[in-house]
Structure formats: C-alpha cells, structure tokens
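Enquirer: Take this sequence and fold it.
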Amino acid sequence: MKTMMTGLMAGTAALLLSGCSAPMYLSGTLTGAQESPATASRGTGTVTATVYPSTNAMSYKIEYAGLSGPATAAHFHGPASPGANAGVVVPFASAATPVSGSANLTDAQKADVMAGKWYANVHTAANPGGEIRGQLMPAPMAR
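Expert: Below is the predicted model:
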C-alpha cells in the first residue's frame with residue numbers, strides 16, 4: 001500500500017507540474033508524533049500552501065495551539081520524506097501563530113514541495129529540535 005501511495009503521489013506531482021498553470025494546493029497537519037524523533041507534545045496545527053506554477057511563487061499559512069511554551073522558531077524544511085529530517089528551506093519572519101507569508105521557489109524546490117518532500121516545523125525551548133511537524137502534501141481540491 002505504501003509503494004502504491006508513493007507512486008500515486010509522485011505521479012500526481014508529475015502531472016501537476018507538467019505545464020499546468022492553475023494554482024496547486026497543499027496541506028498538512030502538525031503533531032508531535034510526526035517529529036523525528038517524535039515528541040509527546042499535545043500541540044497541534046495546520047499548514048496550507050498554494051503554489052503558482054507560472055511564477056514559482058508559494059503562499060502559506062500555519063496555525064497551531066497547545067505547545068509546551070512559546071514558539072522560538074518556525075520554518076519549512078526539505079527535501080525529506082515523512083520521518084526523515086532535512087535543512088531549513090524557507091525561514092519564517094515570525095514564529096507567532098498564525099504564520100503567513102510567501103516565497104519564490106526554484107524549479108527544484110517546486111518539484112520537491114509538490115512531491116510531498118517539504119514539512120513545516122515549529123520549535124520551542126522545551127523541544128529545540130522541533131515540537132510539532134506537518135508534511136505538506138498535495139490537497140485533493142482547493143481549500
């Protein structure tokens with residue numbers, strides 16, 4: 001099943017990237033269980049993003065609640081599959097919820113984000129490696 005889902009996800013990303021100019025939507029749920037290693041955080045959150053293929057622009061919004069303390073940092077990491085870690089690719093100006101902004105992507109970054117290889121991560125003093133995390137995945141329809 002995992003192989004089938006990975007193949008479906010890669011196929012969907014390839015189809016979406018092949019000359020499509022319509023906005024592409026992504027979303028994810030942030031939890032401590034998705035951190036690597038997992039945390040016992042009761043915090044949760046959501047991440048949504050829209051990629052505009054004709055300009056390589058991406059807009060995003062992250063909202064969260066229930067962290068162990070104030071967020072000390074938040075950003076997108078990639079490229080990485082769920083459960084794997086990667087470096088920061090888009091730092092956020094502020095970690096305070098809600099986080100929103102935009103970024104200009106390279107073609108390689110656009111391909112990675114559409115293939116589900118980016119994740120949003122929120123850090124706290126109690127969890128400096130990240131308290132909650134959510135993988136950005138192609139959304140089935142506009143949000």
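
Enquirer: May I ask you to confirm that Ala65 is in contact with Ser41?
Expert: No - with contact defined as Cβ atoms under 8 Å, Ala65 does not reach Ser41; the gap is 11.1 Å. To be clear about C-beta, it is placed using only N, CA and C from the backbone, and glycine gets the same treatment.

Enquirer: what about these two, which has more around it?
Expert: Counted by other Cβ atoms under 10 Å, Ala65 and Ser41 do not tie: Ser41 has more neighbours, with 23 against 10.

Enquirer: That one and Gly130 touch, don't they?
Expert: No - the criterion here is Cβ under 8 Å, and Ser41 misses it with Gly130 at 9.4 Å.

Enquirer: Mind listing the shared neighbours of these two?
Expert: Counting by Cβ atoms under 8 Å, 6 or more residues apart in numbering, the common neighbours of Ser41 and Gly130 are Glu35.

Enquirer: And Pro140, how far from Gly32?
Expert: Distance of Pro140 to Gly32, computed by Cβ to Cβ, to the nearest Å: 26 Å.

Enquirer: same thing with Ala40?
Expert: Between Ala40 and Gly32 the computed distance is 6 Å (Cβ to Cβ).

Enquirer: neighbour-wise, which of those two wins?
Expert: Here Ala40 and Gly32 are set side by side on neighbour count (other Cβ under 10 Å), and the busier one is Gly32, at 21 against 10.
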